[in-house]
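> heads up, no residue letters with this:
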Ligand code: NDP
């Protein structure tokens, strides 16, 4: 069966484009899928436009839309094993982690299902005149172009698709060209749950050819994008001529601030998961360890000893705790950042190379790496390397910790570790980031907003604001007893 889903039908790319998908863990061919070009993208936009302008979905009662999302959550739970396996083959991610992702994805649909069904966002406005009925209602934005990355393919997709549909929009989804399979499976589940044709459309293909039309076409009302900063800037510029609503999640270079009075064992443990989870390919990764000077030597020694011992392997290796990078090109990018850091004076404490285990030779693996004595002007500290690379900087006091934490163009997330609750909250409130964890790193729940400050982007996913992102507020004013005004008499 072809893999593009347009107007409720599975079709092949008009120009016959195909792409091979390989597993990053060992290079094996997973499948060959259809590869859309601009014509397919425009056909998908037209289908979504038709479904929005003339189809039943936007005017389906909110309670029914919410019920559909809850049904999708049930189907995701039913198919969890197959979805997790597909995600692991595309990304190289450990199967158990893909399984956690699938649970989170089902929860996301369930959350937006109940939020949608509950309604309650419309409100009556008291104008002070009983002869006026004034209310603010919330309507869908229209056709949404949803562009998602390869690191959490279905999770990032769910964060967009569930609220977009909940609000009554139609959409065209373009997942990363590298990780298409769970998006294909989601289209089948949406159809099985009863979504009308044209409300959900899927194009697979490269950003420049299949993705770009979503950002330029006047038939698209909104673009929601998660990915890199450079692409985000390009999308913002491409959306300007047609003044599309946009939401951007552009990653981060997130500080993990550890004070000497922190719970030592927990802080060491979380310093590792903060950055080495999924080989550092996490937008909220705590890739910058900011450590109080007096704790530095012992703490970094322990982090390095633990990092050296992390078992590496493919998605189905139950011993492994971390896996490969997504592609050869991405690994080269990570290597270039490490090389640049070393040239600028960073001290390599561990990693900095590909593993020498011959069993891993066909995958895109890179050893967990710790670079000590870093400074915030180094490119490996400034830029998102998006790999298993922890940089270490020292601070002497609270003010310096905050200054270093904020010395980045990004503002997605950050962590602060301290036994002093007042200090931890002071630092958290001064950190310019969309999410701050105190004595923790990485957890999130669908009820709480997620998104960035500064160049990490704008707009929020998850939480009530994540639904509002896909809505327009409209003020409807009704004069209950209109009389001549006589203004021009
Ligand atoms: P990109 O930002 O290039 O890609 C993300 C998505 O945007 C993909 O679906 C991509 O398509 C698409 N895209 C690319 N160019 C365009 C365009 N002109 N118009 C519309 N869509 C486009 O991420 P990369 O995969 O190249 O990764 C680059 C860096 O981005 C990483 O090294 C990392 O630093 C960061 N990143 C951040 C993520 C986050 O969660 N915030 C997630 C992933 C990456 P395609 O892949 O098909 O080209």
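Great, that's in hand. Predicted, not measured: the structure shown is a model, and the values here were computed from it.

> Nearest residue to the residue nearest the centre of the chain in space, please, no chain neighbours.
Centroid-nearest residue in the chain: residue 156, 4.3 Å away (criterion: C-alpha atoms, centre = their mean). Once flanking residues are discounted, residue 156 sits nearest to residue 148: 4.4 Å by C-beta to C-beta, 6 or more residues apart in numbering. For every residue, glycine as well, the C-beta is placed using N, CA and C.

> Same check on residue 320?
Excluding its sequence neighbours, the residue lying closest to residue 320 (C-beta to C-beta, 6+ apart) is residue 313, at 3.0 Å.

> Show the pLDDT at that neighbour.
On pLDDT, residue 313 comes in at 97.

> Can you read off the backbone torsions of it?
Per-residue torsions, residue 313: phi -180, psi -180 (degrees, to the nearest 10).

> Same question for residue 458.
phi -150, psi 160.

> What parts of this structure come near the ligand?
Neighbours of the ligand within the chain, by C-beta under 6 Å from any ligand atom: 147-151, 174, 176-177, 206-208, 211-212, 215, 226-228, 231, 234-235, 249-251, 283, 384, 386.

> are any of the residues you listed buried, and which?
147-151, 174, 176-177, 206-207, 211-212, 215, 226-228, 231, 234-235, 249-251, 283, 384, 386 (16 or more other C-beta atoms under 10 Å).

> Looking at these, which are in helices?
Mapping these onto helices (DSSP state H) picks out 212, 215, 231, 234-235.

> Quick check: of those, which lies closest to residue 413?
residue 231 (19.8 Å; C-beta to C-beta).

> what's the pLDDT at the residue nearest to that closest one when sequence neighbours are not counted?
Spatial nearest neighbour of residue 231, excluding adjacent residues (C-beta to C-beta, 6+ apart): residue 207 at 6.5 Å. On the pLDDT scale, residue 207 is placed at 96.

> So residue 207 is in contact with residue 177, correct?
Yes. Using C-beta atoms under 8 Å, residue 207 is in contact with residue 177, at 7.3 Å.

> about what we covered before: and whichever helix or strand the residue nearest to the centre of the chain is part of, what does it pack onto?
Per DSSP states H and E: residue 156 is located in helix 153-166. Under the contact criterion of 3 or more C-beta pairs under 8 Å, 6 or more residues apart in numbering; DSSP states H and E, helix 153-166 touches helix 62-78, helix 80-91, helix 95-118, strand 143-147, strand 170-174, helix 181-193, strand 222-226, helix 463-468.

> try 7 Å this time
Judged by 3 or more C-beta pairs under 7 Å, 6 or more residues apart in numbering; DSSP states H and E, the packing partners of helix 153-166 are helix 62-78, helix 80-91, helix 95-118, strand 143-147, strand 170-174, helix 181-193, helix 463-468.

> Can you give me the buried ones in the second one?
Pointing back at helix 80-91 there. Within helix 80-91, the residues scored as buried using 16+ other C-beta under 10 Å are 80, 83-91.

> Just give me the closest of those to the ligand.
residue 91 (11.0 Å; C-beta to the nearest ligand atom).

> tell me the contacts of that closest one?
By C-beta atoms under 7 Å, 6 or more residues apart in numbering, the contact set of residue 91 is 24, 150, 153, 179, 326.

> Can you tell me how far it is from residue 179?
From residue 91 over to residue 179 the distance is 6 Å, taken as C-beta to C-beta, to the nearest Å.

> now do residue 143
Remark: distance between residue 143 and residue 179 (C-beta to C-beta) = 24 Å.

> doesn't residue 157 make contact with the residue nearest to residue 156?
Yes. With contact defined as C-beta atoms under 7 Å, residue 148 reaches residue 157; the gap is 4.9 Å.

> Is it possible to get the buried residues of helix 80-91 out as TSV so that each row also shows distance to residue 468 and pLDDT?
TSV is the format used below for the buried residues of helix 80-91 (distance: C-beta to C-beta, whole Å; pLDDT from 0 to 100):
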residue	distance to residue 468	pLDDT
80	29	98
83	28	98
84	31	98
85	35	98
86	32	98
87	29	98
88	34	98
89	36	98
90	31	98
91	30	98
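
> hmm, back to that, what do residue 91 and residue 179 both touch?
Common neighbours of residue 91 and residue 179, using C-beta under 7 Å, 6+ apart, are 150, 153.

> what about residue 266, neighbour count?
Residues lying near residue 266 (other C-beta atoms under 10 Å) number 12.

> no, scratch that, I was asking about residue 52
Neighbours of residue 52 (other C-beta under 10 Å): 23.

> picking that back up, tell me which of the helices and strands packed on helix 153-166 lies nearest to residue 427.
Closest of these to residue 427 is helix 463-468, at 23.3 Å (criterion: C-beta to C-beta).

> That closest one - contacts with which helices or strands?
If you count contacts as 3+ C-beta pairs under 7 Å, 6+ apart, helix 463-468 packs onto helix 95-118, helix 153-166.

> Quickly compare those helices and say which is most buried.
helix 153-166 (a mean of 27; mean count of other C-beta atoms under 10 Å).

> contacts for that helix?
Taking C-beta under 7 Å, 6+ apart as the rule, helix 153-166 contacts 65-66, 69, 83, 87, 90-91, 101, 104-105, 108-109, 112, 115-116, 144, 146, 148-149, 171, 173, 175-176, 179, 182-183, 186, 199, 224, 226, 461-462, 466-467, 469-470.

> Now do the buried residues in stretch 335-344.
335, 337-338, 341.

> If you could redo that for stretch 396-416, that was the one I meant.
Within stretch 396-416, the residues scored as buried using 16+ other C-beta under 10 Å are 398, 401-402, 404-408, 410-416.

> Pull the distance from it to the chain's centre.
22 Å (C-alpha atoms, centre = their mean, to the nearest Å).

> For it, measure first residue to last.
Stretch 396-416 stretches 15 Å from its first residue to its last (C-alpha to C-alpha, to the nearest Å).

> Now tell me what touches that stretch from outside.
By C-beta under 7 Å, 6+ apart, the residues outside stretch 396-416 that reach it are 251-257, 274, 283-284, 286, 290, 293, 376, 382, 393, 395, 423-424, 426-428, 430-438, 440-441, 452-456.

> Show me just the buried residues among these.
251-257, 274, 283-284, 286, 290, 376, 382, 393, 395, 424, 427-428, 430-437, 441, 452-456.

> Might you specify the subset of the residues you listed located within strands?
Judged by DSSP state E, the subset of the buried ones among the contacts of stretch 396-416 located in strands is 255-257, 290, 393, 395, 435-437.

> List just the nearest of the residues you listed to the ligand.
Using C-beta to the nearest ligand atom, residue 435 comes nearest to the ligand of these, at 13.0 Å.

> Quick check, pLDDT for the nearest residue to the closest one once chain neighbours are set aside.
Distance criterion C-beta to C-beta, 6+ apart; nearest residue to residue 435, sequence neighbours excluded, is residue 413 at 4.3 Å. Per-residue pLDDT puts residue 413 at 98.
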